[in-house]
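K.L.:
give the three-dimensional model of this entry:
(one chain, ligands or ions: 2)
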Amino acid sequence: MSGSSDSSGTQAGSRWSPQNPDSRYGARVGLVIVDLQNDFADPAGSLSVAGGADILTVVNAEIERAREAGAAIFYTQDWHPAHTPHFAADGGIWPVHCVQETWGAQLHPGLAVRGPIVRKGANGEDGYSGFSMRDPAGGQAIATRLDADLAGAGATRIVVCGLATDYCVKATALDGVRLGYDTAVLLDAVRAVDLTPGDGERALDELAAAGVVLIGDRVRGR
Ligand code: VGL
Ligand code: ZN
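P.N.:
Ligands and ions are numbered 1, 2, ... in the order given. All right, here's what the predicted structure looks like:
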């Protein structure tokens, strides 16, 4: 009964062991790198996340590991117009960030880009998840390409990392679970905004409660 393997010929039977780096990736796995953009990752960014650039080395190593194992690799990119209800100036809560075609919206130059980029918010939509956005007028959810693209790549499992733990990483991982993916988050490769101290910790609690596998040690600020 045991010993079955999937078409990738590697780790994946019915059980997935994402804690183990050697069995984390395979043909049925998608690595999703969330919003590793200058405005979040660079200390000079308008919504700079403490330690944001520190995760680049780990993220790039994961990208390489995923690539070697035949996993699909996707990047999300916050891609706001100059005015959106997401920004404080227009009724939201955030400073202006990741405005289309600006430096702040670019993926960090230290990030290895080895797969497609899924943009979100381009038409003024609000929200945080890489999978879905909220229509700026009606508030209804609108899907991004991510779910269809992951499914098209054969992924049934996702590993999520990037910025920020308490917003876009959290929302993306929770949507991943809702959409039926086995979902894991790499704690060494995320950082929190922590608008209120402890937000990152609470986000991880929420993720664990939803069934997300937390990979690595829980350290404050992640
Ligand atoms: C994010 C706040 C506003 C994120 C995006 O990527 O976590 N946070 N927009
Ligand atoms: Zn945003």
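K.L.:
give me the nearest residue to the spatially most central residue of the chain, chain neighbours excluded.
P.N.:
Most central in the chain under CA atoms, centre = their mean is V34, positioned 3.1 Å from the mean C-alpha point. Nearest residue to V34, sequence neighbours excluded (CB to CB, 6 or more residues apart in numbering): G162, at 3.3 Å. To be clear about C-beta, it is placed using only N, CA and C from the backbone, and glycine gets the same treatment.
K.L.:
residues contacting that neighbour?
P.N.:
By CB atoms under 8 Å, 6 or more residues apart in numbering, the residues touching G162 are V32, I33, V34, D35, L36, I55, V59, T76, C168, V169, A189, V190.
K.L.:
so can I have JSON lines of those residues showing distance to ligand 1 and secondary structure?
P.N.:
Output for the contacts of G162, formatted as JSON lines (distance: CB to the nearest ligand atom, whole Å; DSSP: H, G, I helix; E, B strand; the rest coil):
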{"residue": "V32", "distance to ligand 1": "12", "secondary structure": "strand"}
{"residue": "I33", "distance to ligand 1": "11", "secondary structure": "strand"}
{"residue": "V34", "distance to ligand 1": "6", "secondary structure": "strand"}
{"residue": "D35", "distance to ligand 1": "4", "secondary structure": "coil"}
{"residue": "L36", "distance to ligand 1": "9", "secondary structure": "coil"}
{"residue": "I55", "distance to ligand 1": "13", "secondary structure": "helix"}
{"residue": "V59", "distance to ligand 1": "14", "secondary structure": "helix"}
{"residue": "T76", "distance to ligand 1": "8", "secondary structure": "strand"}
{"residue": "C168", "distance to ligand 1": "3", "secondary structure": "helix"}
{"residue": "V169", "distance to ligand 1": "7", "secondary structure": "helix"}
{"residue": "A189", "distance to ligand 1": "14", "secondary structure": "strand"}
{"residue": "V190", "distance to ligand 1": "10", "secondary structure": "strand"}
